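Asks: take this sequence and fold it.
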Amino acid sequence: MASDFVYNERLGIELPLLQKSWEEYSPARQEGILAQWESVRGTIPDRIHSIEQIINTKQDQLSVEENFERSCTLNWEIAELASVINDLWLWYRTHQDISLKLHI
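Replies: Numbering: from 1, shown residues only. Presented below is the predicted three-dimensional model:
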């Protein structure tokens, strides 16, 4: 089932990359895709926690930074990491209904 997922560098997780409509997959293939997604989805909260720790470190650096350019860079990095967290939560929550199919 690995061919149905592609690693996303920015998010640090594999995302579904379906080549055809869901209905075109056999029930067995659908089940495999759902199982793999559930596995990936389960890693998202840990990934978010890891990114939050990086943000906290950068915020600590920012609080004592006196160089304006470096402050701007830290702010940009924090904003980018926050955007990644937002996208991860969207994937986690939006695709929750897919995970429910595993339990039906």
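
Asks: and the strands in the protein?
Replies: 5-8, 13-16 (DSSP state E).

Asks: so what strands line up beside the last one?
Replies: With DSSP bridges as the criterion, the sheet partners recorded for strand 13-16 are strand 5-8 (antiparallel).

Asks: could you pull up the mean pLDDT of the strand it pairs with?
Replies: Across strand 5-8, the average pLDDT comes to 96.

Asks: all further residue positions should be reported with the first residue as 43.
Replies: Yep, numbering from 43; the last one is strand 47-50 now.

Asks: now that strand: buried residues?
Replies: residue 47 (16 or more other Cβ atoms under 10 Å). Where C-beta positions appear, they are placed from N, C-alpha and C, glycine not excepted.

Asks: residue contacts, the residue most central in space within the chain?
Replies: The centroid of the chain falls nearest to residue 130 when counting by Cα atoms, centre = their mean (3.4 Å). Contact analysis of residue 130 by Cβ atoms under 8 Å, 6 or more residues apart in numbering lists 53, 55, 86, 89-90, 93.
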